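[1] everything below, folded, please.
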Amino acid sequence: MNKHILKIHLCPNAKKNNICGIYNNEYLKISISSPPVDGKANEELIKFLARKLDIPKSDIKITKGQTTRNKIIEINTDNNIEKNLNKIWCTQEDSNP
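    A predicted model of the protein is given here:
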């Protein structure tokens with residue numbers, strides 16, 4: 001089982017779900033259309049990451065930041081997600097000045 005840690009800066013109530021770039025040189029900034037009410041934005045974030053990384057939602061857990069914008073995400077999976085992770089990071093790094 002491979003373990004990966006992602007630092008996410010979540011922006012709820014957005015027009016659409018999207019990876020926006022790098023926030024504060026430390027976090028991957030992700031916008032989510034769901035509101036930050038009753039964990040809806042967190043649930044949508046997990047669904048979004050599962051789709052982007054092509055893994056089951058059950059492999060993704062928010063370990064820190066349940067009620068804040070800055071979150072620590074733990075991904076435990078048998079799937080090889082390095083290629084998808086690199087694609088996400090490289091695309092965002094190339095788009096920043």
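
[2] output the longest strand belonging to the chain.
    Taking DSSP state E as the criterion, the chain has its longest strand at strand 2-11.

[3] list the buried residues in that strand.
    Residues of strand 2-11 classed as buried: 6, 8-11 (neighbour count, 16 or more other CB atoms under 10 Å). Any C-beta I mention is one placed from the backbone N, CA and C, and that applies to glycine too.

[4] stretch 59-75 now?
    Quick answer for stretch 59-75 (16+ other CB under 10 Å): 59-60, 62, 65, 71, 73, 75.

[5] OK, contacts around the closest residue to Lys71 other than its chain neighbours?
    Computed as CB to CB, 6 or more residues apart in numbering, the closest residue to Lys71 that is not its neighbour in sequence is Gly65, at 3.5 Å. Residues near Gly65 by CB atoms under 8 Å, 6 or more residues apart in numbering: 8, 71-72.

[6] same check, this time on Ile60
    With CB under 8 Å, 6+ apart, Ile60 has these contacts: 46, 49-50, 73-75.

[7] rewinding a little: closest to Val37 out of the buried residues of strand 2-11?
    Each of the buried residues of strand 2-11 was checked against Val37 using CB to CB; the closest is Leu10, at 13.3 Å.

[8] quick check, that closest one in contact with Gln66.
    No: judged on CB atoms under 8 Å, Leu10 makes no contact with Gln66 at a distance of 10.9 Å.

[9] what's the overlap in contacts for those two?
    When contacts are counted by CB under 8 Å, 6+ apart, Leu10 and Gln66 have Asn42 as shared neighbours.
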